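>>> how does the following fold in three dimensions:
(chains A and B, ligands or ions: 2)
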Amino acid sequence: MAYASNFRVLTANRLADGRVVYLGDRDWTVDLGAARLVQTNADAEVAERAGREAVAARLVVEPYLIDVEAEDRGVQPVRLRERIRAGGPTTGNAVAGNAATGAARETA
Amino acid sequence: MYRYDEFDHAFVRDRLEQFRDQVNRRLAGDLTEEQFKPLRLMNGVYLQLHAYMLRIAIPYGTLSARQLRKLAHVARTYDKGYGHFTTRQNLQLHWPRLEDIPTILEELAEVEMHAIQTSGNCIRNVTTDHFAGAAADEVADPRPWAEIVRQWSSLHPEFSFLPRKFKVAVTAAARDRAAIRVHDIGLELRRGPDGGIGFRVFVGGGLGRTPMVGREIRDFVPENALLAYLEAILRVYNRYGRRDNKFKARIKILVHERGIEEIRAGVEAEFETLRGGALDVPAEARERIAAYFAPPAFADLPARSAALEAAWKADPTFGRWIARNTHPHKVPGYVSATISLKPVGGVPGDATAAQMDAVADLAERYGFDEIRVSHEQNLILPHVRKDDLRAVYDGLVAAGLATGNAGFATDIIACPGLDYCALANARSIPIAQRLSERFADADRQAEIGDLSLKISGCINACGHHHVGHIGILGVDRKGEEFYQITLGGAPGGEIAGAGSGVGESGGAEIGGADAAIGEIVGKGFSADDVVDAVETIVDTYLTLREGREETFLAAWRRLGNAPFQEALYGGRS
Ligand code: HEM
Ligand code: SF4
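Ligands and ions are numbered 1, 2, ... in the order given. This is a model prediction of the structure:
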C-alpha cells in the first residue's frame, strides 16, 4: 500500500558516463532507494539548486524532478519512462547486454 | 570494398582529435552542455534514457570481417557486449561512457570507420540494397554510386546545416530492397535509351510524423551528371525548405506544399547552371571508385549443388532456412545468405560480440570477407558457394544465428522504443518479443507466408511502421502505453528472403513503384491486447485469402481494411 504518492526525486544523467543518477541526502546515487524524497515546494527548490550546482560542477546533465510513490516495497517512479530509467530495459534475458561482461565497467 | 585514401585518413583523424579535445574540454568544464551537445551530435553521440548512445556509420551497409570484429571488440570492451543494427544499416551502441568515446572512435578509425554524419541536419549515411553486387536481378552494383554520393556529401559545406536531416537511398535492382520511395531522395540505377547507366530520381519520400511516398522528379539523369542533379535538388531544398517549423522542414513537405512540377522546374533551372561543371563525374573517377567494388574471384561452378540438395532434403530445418534465408546470386553456384537477427523472443537487430565474431569468421572463411547490414536489421553474407552453405549454416547454428525466418512474421523490425529512447512514447522491443513468441511455430509462419510487422515507439517512425504490412505505432494515452495499428504499408519491392537462391522460389513480386503508407485500422490497443489484435488480423487474412499464393499484402489490397475492422471491433471501430 502506498502511504504517500506526492513525493518527488531529482534525477539526472551523469556527465562522464551518462548513467542515471538521483540526488541523495548528500551525494548523487545510482540507487533510487537512497534518493532524497522531496515533498514541499521549498524542498524542491533546494533540490533543483543542488541540481544546477551539480551541472556547474560537471557531475550531471539535464536534472529534473520526477514523481515517485514511496511504498512499503521502496520508492517507485510514477511514470513508466522513469520506472524504465530506474530499472533498466525491460527486454528481459533476451537482451544480449544483460548477460554480458561489459556490465563490470559500470562503476557505481 | 572502398579503402580510405590519404585524404580520408587525415580527415577522420583530424575529426577524431577535434572531438577528443571537445570531450576533454567538456569534462574539464570549458564547454557547457549547450555548447557541447551540437558537437557530440555531429559525432554520432546522443544521450538516451540510461546512457549515451553512439551511432556508428556503416556506409551502404558494407562491412569487412576485420571491421565487424572491431565492432565486436568495441562492444565487448567499452559497452555491454552487444550492438544494435538499425534500419539505416548502421550500428548503435547503447551504453558507451562519454569518457571512452574518443578511444572508441580511435579504434574504429583503425578499420576506416567513424560516426560522422550519423546525426544532425546533414546528408546521412547513404543506404542501399543489401544484396548489392550479388543480386541476380541488378543492373549494376549500386555501391560505387553510393560511395560517390558519400564523398560528395561528406562535410559538404553548403549542406551541413540543412533545414532538416536528409536521407538518400540507392537501388539497382528490378525489385527495390532499399525502400527508396520513403527517402528524401531515392535513386534507381537503370539503363537509358542508349544503353548508358543513369538514374531515375524520386524526391520527397519519408516516414516520421507526415509519411509520404516519394515522387518521380526525373526519369533519367546520366551517370556523369548525378552529383550536379543532386546538388540542384539540395540547393532548391536549402533555399526554400522551411526552417520556421521543425515538423515542416523535411523536403517531403516542400514537395507536397509546392507541388512536384514547381520543384522540378526549380531543380531543372539549377541543374542547367551546374551540369557539365565541376560536379561532373568523369569516367576515370567512376572507374577508380568502381574498382574498389570489383567482384571477388568467383569460381566457375555448376548452377546446382548436388551435395547441398542432398543435405537439405535430409534436414527439414536446414531446408526451411535455405528456402527463406538465401537469395539468388548473379554468379552460378553462389547465393546470398541472410543471417537473421530475429531469434524467437529476441531483440530485433541485436547481436552479441561473440555473434559478430562468429559472422566475421564465416565471412572470411566462406564469403570473400564481406558482410552486409540490411535495413530489415539482419546481416547478410552476399557471396556464398552453394557447396559451402551447410558449413555456413552449422556455424550459424553454433552462434545461435540460424533462425530461418527471413521475411516471415517473426522477422520483425523494431526501434529501440521506450526501453532506450528518450523520445519514445511506448516500448517497441517487448511487443516484438511477444509477437515473435506468438508466431514462433515454424509451420504456422510458413503457412502465413510473407508478412512484415514493423514497430515504432513514437511517431518518428524509426521502426518503419508506416511501411509494415502490419504497422504498430506506440502512443501515450494518459500515461499508458497504447498501440495504433496500420495495415497495407509497403516499402516497395521488399520482402527479404522471398524467392530462395537455391530451391523453389516464393513470394509475390512487388515492384518498387508499389510503395505505400499503411492505413490506420481503427482505435488503438493496450499493451496487453495488441498481440491478440495482430493475431486476429493474421487469422482474418488466413480465412479470407484466395489461396497460399495470395500474400497478406495482396489480400489486403483486394479487401481493404473493412473485414479486418469487422474482426477486430465487430464493426465498431
Ligand atoms: C535511439 C535514438 C534515436 C533517436 C533519438 C531518433 C530520432 C529520430 C527522429 C527525431 C526522427 C524523425 C525525424 C524527422 O522526421 O525529421 C527519426 C526518424 C527515423 N529514424 Fe530515428 N532515432 C533513434 C534511433 C533510430 C534507430 C535505432 C533507427 C533504426 C532502427 C532509426 C531510424 C530512423 C528512420 C528509418 C527514421 C524515419 C525515416 C525518415 O527520416 O523519414 N532511428 N529518428
Ligand atoms: S521511433 Fe521514436 S521511440 Fe523509436 S527510436 Fe525513433 S525516436 Fe525513439
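
>>> just the buried residues of the longest helix seen in chain B, please?
If you go by DSSP state H, chain B has its longest helix at helix B:6-28. Under the neighbour-count criterion of 16 or more other Cβ atoms under 10 Å in any protein chain shown, helix B:6-28 has B:11-12, B:15-16, B:19, B:22-23, B:26 buried. For every residue, glycine as well, the C-beta is placed using N, CA and C.

>>> off-centre distance for it?
Centroid displacement of helix B:6-28 relative to its chain, using Cα atoms, centre = their mean, to the nearest Å, is 28 Å.

>>> quick check, the helix or strand that comes right after that helix touching ligand 1?
Sequence-wise, the next helix or strand downstream of helix B:6-28 (DSSP states H and E) is helix B:33-41. No. Helix B:33-41 stays out of contact with ligand 1 when judged by Cβ under 6 Å from any ligand atom, the minimum separation being 9.8 Å.

>>> mind listing what's buried in helix B:33-41?
Neighbour-count burial for helix B:33-41 [16+ other Cβ under 10 Å]: B:36-37, B:39-41.

>>> CA atoms of it as PDB?
Extracted in PDB, the C-alpha atoms of helix B:33-41 (Å, rounded to 0.1, in the frame of the first residue of the first chain):
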ATOM      1  CA  GLU B  33      26.200  21.100 -22.200                       C
ATOM      2  CA  GLU B  34      24.500  23.700 -24.600                       C
ATOM      3  CA  GLN B  35      27.900  24.200 -26.300                       C
ATOM      4  CA  PHE B  36      28.800  20.600 -26.300                       C
ATOM      5  CA  LYS B  37      25.600  19.000 -27.400                       C
ATOM      6  CA  PRO B  38      25.700  20.000 -31.100                       C
ATOM      7  CA  LEU B  39      29.300  18.900 -31.200                       C
ATOM      8  CA  ARG B  40      28.600  15.500 -29.800                       C
ATOM      9  CA  LEU B  41      25.700  15.100 -32.100                       C
END
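
>>> any part of that helix near chain A?
Yes. For a cut-off given as Cβ under 8 Å from any Cβ of the partner chain, helix B:33-41 has contacts with chain A, namely residue B:33.

>>> contact partners of that helix?
Helix B:33-41 is contacted by residues A:55, A:61-62, B:19, B:22-23, B:25-26, B:31, B:46, B:98, B:119-120 when judged by Cβ atoms under 8 Å, 6 or more residues apart in numbering or on different chains.

>>> quick check: the residue of chain A nearest ligand 2.
residue A:81 (11.0 Å; Cβ to the nearest ligand atom).

>>> could you find the closest non-adjacent residue to the residue positioned nearest the centre of chain B?
In chain B, the centroid-proximal residue (Cα atoms, centre = their mean) is residue B:375; its distance is 2.1 Å. In space, and not counting its chain neighbours, residue B:375 is closest to residue B:87: 4.9 Å by Cβ to Cβ, 6 or more residues apart in numbering or on different chains.

>>> helix, strand or coil for that neighbour?
Put simply, residue B:87 is coil when judged by DSSP: H, G, I helix; E, B strand; the rest coil.

>>> does it touch residue B:413 like I think?
Yes. The criterion here is Cβ atoms under 8 Å, and residue B:87 meets it with residue B:413 at 6.0 Å.

>>> just to revisit the earlier point, biggest separation within the contacts of helix B:33-41, which pair?
Using Cβ to Cβ, these span at most 23.6 Å, a distance reached by A:55 and B:120.

>>> for ligand 1, what's the nearest residue on chain A?
Nearest to ligand 1, among the residues of chain A, is residue A:89, at 12.0 Å (Cβ to the nearest ligand atom).

>>> what is the neighbour count of that residue?
Residue A:89: 21 surrounding residues under other Cβ atoms under 10 Å in any protein chain shown.

>>> possible to save the buried residues of helix B:6-28 as JSON lines with distance to residue B:177 and pLDDT?
Supplementary listing: the buried residues of helix B:6-28 in JSON lines, determined by distance: Cβ to Cβ, whole Å; pLDDT from 0 to 100:
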{"residue": "B:11", "distance to residue B:177": "31", "pLDDT": "85"}
{"residue": "B:12", "distance to residue B:177": "29", "pLDDT": "89"}
{"residue": "B:15", "distance to residue B:177": "32", "pLDDT": "88"}
{"residue": "B:16", "distance to residue B:177": "33", "pLDDT": "91"}
{"residue": "B:19", "distance to residue B:177": "34", "pLDDT": "92"}
{"residue": "B:22", "distance to residue B:177": "38", "pLDDT": "94"}
{"residue": "B:23", "distance to residue B:177": "38", "pLDDT": "94"}
{"residue": "B:26", "distance to residue B:177": "41", "pLDDT": "95"}
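
>>> including distance to chain A, could those go into JSON lines?
Formatted as JSON lines, these follow (distance: Cβ to the nearest Cβ, whole Å):
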{"residue": "B:11", "distance to chain A": "27"}
{"residue": "B:12", "distance to chain A": "24"}
{"residue": "B:15", "distance to chain A": "22"}
{"residue": "B:16", "distance to chain A": "19"}
{"residue": "B:19", "distance to chain A": "16"}
{"residue": "B:22", "distance to chain A": "13"}
{"residue": "B:23", "distance to chain A": "10"}
{"residue": "B:26", "distance to chain A": "8"}
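
>>> in CSV, list these along with distance to residue A:74.
Formatted as CSV, the buried residues of helix B:6-28 follow (distance: Cβ to Cβ, whole Å):
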residue, distance to residue A:74
B:11, 51
B:12, 47
B:15, 46
B:16, 44
B:19, 40
B:22, 39
B:23, 36
B:26, 34
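
>>> got any ranges where chain A has weak pLDDT?
Within chain A, the stretches with pLDDT under 70 are A:1-5, A:93-108.

>>> strands along that one, start to end?
Using DSSP state E, the strands assigned to chain A run over residues A:2-14, A:20-23, A:28-29, A:60-71, A:74-77.

>>> most packed of those?
Ranked by mean neighbour count, these are led by strand A:20-23 with a mean of 24 (mean count of other Cβ atoms under 10 Å in any protein chain shown).

>>> neighbouring strands of that one in the sheet, and parallel or not?
Here strand A:20-23 is paired, per DSSP bridges, with strand A:2-14 (antiparallel), strand A:28-29 (antiparallel).

>>> residues in contact with the shortest one?
To tie it back to what came earlier, the one meant is strand A:28-29. A:12, A:14, A:21-23, A:35, A:54, A:59-60, A:108.

>>> any idea how far residue B:43 is from the closest residue to residue B:26 other than its chain neighbours?
Nearest residue to residue B:26, sequence neighbours excluded (Cβ to Cβ, 6+ apart): residue B:36, at 4.4 Å. Distance, residue B:36 to residue B:43, using Cβ to Cβ, to the nearest Å: 11 Å.
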